[in-house]
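Peer 1: Mind folding the following:
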Amino acid sequence: LISVKVRKPLAIIEDKNEAQFLVDQEGLLFRRAAKEPLPVIKLGEDFEGRIGLWLAVDEQGIASYLKTLDLVASKGLETKEIYLRSKTIELQLTGTVVWFNTEGSIEEQLELLTQILQRLKLGGSIPQSVDLRFSRPVVKL
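Peer 2: Okay, here's the model as predicted:
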């Protein structure tokens, strides 16, 4: 009996040796990356990846990374890189850096970001950064 499951890559995980692996929404590293146009998640100095490794849901904030990437993609935004900092997710979009507060609702912050980007796009502007960690967003043009 052979069971086949198609896995859709959500991001590229980079380990301490700069080896890159594709990861799906479930947190499975299922093959080596080959220059796919996906956001890169750098997991720091102590993480060593291998094919077939399941990342723990709470391991180094990977659940927050994957959830954020999935939500961002559903809004039609293209992520270049993503980093987890102390209580902050830093998201590198094309031309814009965005900071989310991990203690707040990512969905609500992403909805606010989408509204800000749409308004600025109508005015012909692209922000350099959008900081959503505060009660009022800070936008730098």
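
Peer 1: what sits up against the lengthiest helix in the chain?
Peer 2: Taking DSSP state H as the criterion, the chain has its longest helix at helix 106-122. Here helix 106-122 makes contact (C-beta atoms under 8 Å, 6 or more residues apart in numbering) with 64, 67-68, 71-72, 75, 77, 89, 96, 98, 100-101, 126-127, 130, 132, 137, 139, 141. Backbone N, C-alpha and C define where each C-beta goes, glycine included.

Peer 1: tell me the phi and psi of the nearest residue to residue 93 once chain neighbours are set aside?
Peer 2: Nearest residue to residue 93, sequence neighbours excluded (C-beta to C-beta, 6 or more residues apart in numbering): residue 77, at 5.8 Å. Residue 77 adopts backbone torsions of phi -100, psi 150, taken as degrees, to the nearest 10.

Peer 1: can you give me the strands in this protein?
Peer 2: Ranges of strands in the chain, per DSSP state E, are 11-14, 20-23, 29-32, 40-42, 79-85, 88-93, 96-101, 129-131, 138-140.

Peer 1: pLDDT averaged over the fourth one, what's the number?
Peer 2: What that stands for is strand 40-42. For strand 40-42, mean pLDDT rounds to 79.

Peer 1: cool, the third one as well?
Peer 2: Strand 29-32 comes out with an average pLDDT of 90.

Peer 1: Same list (the strands of the chain) but as JSON lines, adding mean neighbour count.
Peer 2: Below are these laid out as JSON lines (neighbours: other C-beta atoms under 10 Å):
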{"stretch": "strand 11-14", "mean neighbour count": "22"}
{"stretch": "strand 20-23", "mean neighbour count": "23"}
{"stretch": "strand 29-32", "mean neighbour count": "16"}
{"stretch": "strand 40-42", "mean neighbour count": "20"}
{"stretch": "strand 79-85", "mean neighbour count": "17"}
{"stretch": "strand 88-93", "mean neighbour count": "19"}
{"stretch": "strand 96-101", "mean neighbour count": "20"}
{"stretch": "strand 129-131", "mean neighbour count": "17"}
{"stretch": "strand 138-140", "mean neighbour count": "13"}
